[in-house]
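Peer 1: Dropping a prediction and its sequence here:
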Amino acid sequence: MTLKISKKLRIARIRNQFFLTFIPFKTIVSCFSDGVSILSDRQKGLTFLFINAFLWGIHGPAGRYLALKGVDMSFVAGTRLLIGAATFAVFLAFRRGFSFSLKGHVRDVIMVSIVGLFFNTLFYHLSLKWIPGTLVMVLENLSPVFVMLFAWVLASRKPEKRHIYALILSFTGIALIIAGKSEFSIDGTDTLPGIIFGIGAGITLAFYYFFSGELVEKTKDDPDKMISLLMIIFLIAAFFMLPFVFSATNLPGNSTEWFWLIEMGIFQSGIAYILLNYALRYVNSSTASIFFLFTIFFTTINEIIFLDLSLNIYLIVGSLLIIAAARKVSS
């Protein structure tokens, strides 16, 4: 009985924390208006980034919760993409900002959809079966390092000294995490597959950033066009995820599990991306990358409170090295 009450209290606390994000609703809504706002442009951008980081900080713990409950993570990944696309559609309908033109964007949209989003989403959710969301978020922070590698190999941009230092830091961090993989295990489960999928999530996220750069640059002054393209990208990625969705056997088994799946689709796959793209109207990408580190902070706090995450020296030192590498590349 005590255990059941404790679980109910934890769920209630997560929900309360989640809904507290939306208390300043009128302030946030005013930021989407091109008219008079009580916030400056920079304050708008920072507000969007902070809420974005908070939402993505719920992402990992919610996904990890579903994974520990035995829910098929490929089903979670595909359903989230579909719900995210639906969220974009509702937002654009409210804004009357639909734009279905792909002129000049077809190659970028297809590449970003399949490699940058489909594989990233799949790898991210699969990694949650073996390792905590905090560690997955840390491994995704390898993306700036891999962006630098893509620029070096694919665009012949010679790396600077700081890039080389970042490579050494990041791979040292990975080595430490792999060395301490047994420390992340639950009931003796091998965590190496989760670490490998987490690294894959970092590589594919880098692919998303690298190949969507031109796409974002062309449309960042027209956020409705960018959101329209994001909706199409999500739909294409969701299409390739459909076989996993239809073949899934372990679906959410109760209202709480469905709540978190729907929450992840609406807020992490939908609203968080909308906030990020609007933020980029007002602040530069370097500022945005700094706020991404808050995601790790929120994820860690949520997992410690709600999922009994135990920190260890391998996670702490390895994470700090990877975060330092990400900042070195982004600076």
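Peer 2: Here it is on my side, so go on. Numbers count the residues shown, from 1 in each chain.

Peer 1: Now do residue 319 against residue 312, distance only.
Peer 2: 11 Å (Cβ to Cβ, to the nearest Å). No exception for glycine: its C-beta is placed from N, CA and C like everyone else's.

Peer 1: got it, and residue 141?
Peer 2: Separation of residue 141 from residue 312 (Cβ to Cβ): 18 Å.

Peer 1: show me what contacts residue 298?
Peer 2: 53, 54, 56, 57, 58 (Cβ atoms under 8 Å, 6 or more residues apart in numbering).

Peer 1: possible to save the residues you listed as TSV with distance to residue 122, neighbour count and secondary structure?
Peer 2: TSV is the format used below for the contacts of residue 298 (distance: Cβ to Cβ, whole Å; neighbours: other Cβ atoms under 10 Å; DSSP: H, G, I helix; E, B strand; the rest coil):
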residue	distance to residue 122	neighbour count	secondary structure
53	23	23	helix
54	25	21	helix
56	18	25	helix
57	21	25	helix
58	20	25	helix
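
Peer 1: any chance of the residues you listed in TSV, plus pLDDT?
Peer 2: Putting the contacts of residue 298 into TSV (pLDDT from 0 to 100) gives the following:
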residue	pLDDT
53	83
54	87
56	86
57	85
58	89
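
Peer 1: What count of nearby residues applies to residue 190?
Peer 2: Residues within reach of residue 190, counting by other Cβ atoms under 10 Å, total 11.

Peer 1: Remind me what the helix or strand encompassing residue 257 packs against, helices and strands.
Peer 2: Residue 257 belongs to helix 255-263 when assigned by DSSP states H and E. In this structure, helix 255-263 packs against helix 41-68, helix 73-95, with contacts taken as 3 or more Cβ pairs under 8 Å, 6 or more residues apart in numbering; DSSP states H and E.

Peer 1: how does it look with 6 Å?
Peer 2: For helix 255-263, not one helix or strand is in contact under the criterion 3 or more Cβ pairs under 6 Å, 6 or more residues apart in numbering; DSSP states H and E.

Peer 1: between residue 319 and residue 312, which one's more packed in?
Peer 2: Set side by side, residue 319 and residue 312 show more neighbours around residue 319, with 22 against 13, by other Cβ under 10 Å.

Peer 1: Lowest-scoring secondary structure element of this structure by mean pLDDT?
Peer 2: The weakest-scoring helix or strand in the chain, judged by mean pLDDT, DSSP states H and E, is helix 25-31 (a mean of 47).

Peer 1: For residue 104, which residues are in contact?
Peer 2: By Cβ atoms under 6 Å, 6 or more residues apart in numbering, residue 104 lies in contact with nothing.

Peer 1: And it, its phi and psi?
Peer 2: Backbone torsions of residue 104, given as degrees, to the nearest 10, read phi 80, psi 0.

Peer 1: same deal with residue 70?
Peer 2: Torsion angles, degrees, to the nearest 10, at residue 70: phi 90, psi 10.

Peer 1: Quickly note the distance from it to residue 77.
Peer 2: Residue 70 is 15 Å from residue 77, by Cβ to Cβ.

Peer 1: ditto for residue 280
Peer 2: For residue 280, the distance to residue 77 equals 25 Å [Cβ to Cβ].

Peer 1: OK, contacts around the residue most central in space within the chain?
Peer 2: Centroid-nearest residue in the chain: residue 56, 5.8 Å away (criterion: Cα atoms, centre = their mean). By Cβ under 6 Å, 6+ apart, the contact set of residue 56 is 272, 295.

Peer 1: For the residue nearest to residue 122 when sequence neighbours are not counted, give me its contacts.
Peer 2: Leaving aside its sequence neighbours, residue 122 sits nearest to residue 77 (Cβ to Cβ, 6 or more residues apart in numbering; 5.5 Å). Neighbouring residues of residue 77 by Cβ under 6 Å, 6+ apart: 121, 122, 125.
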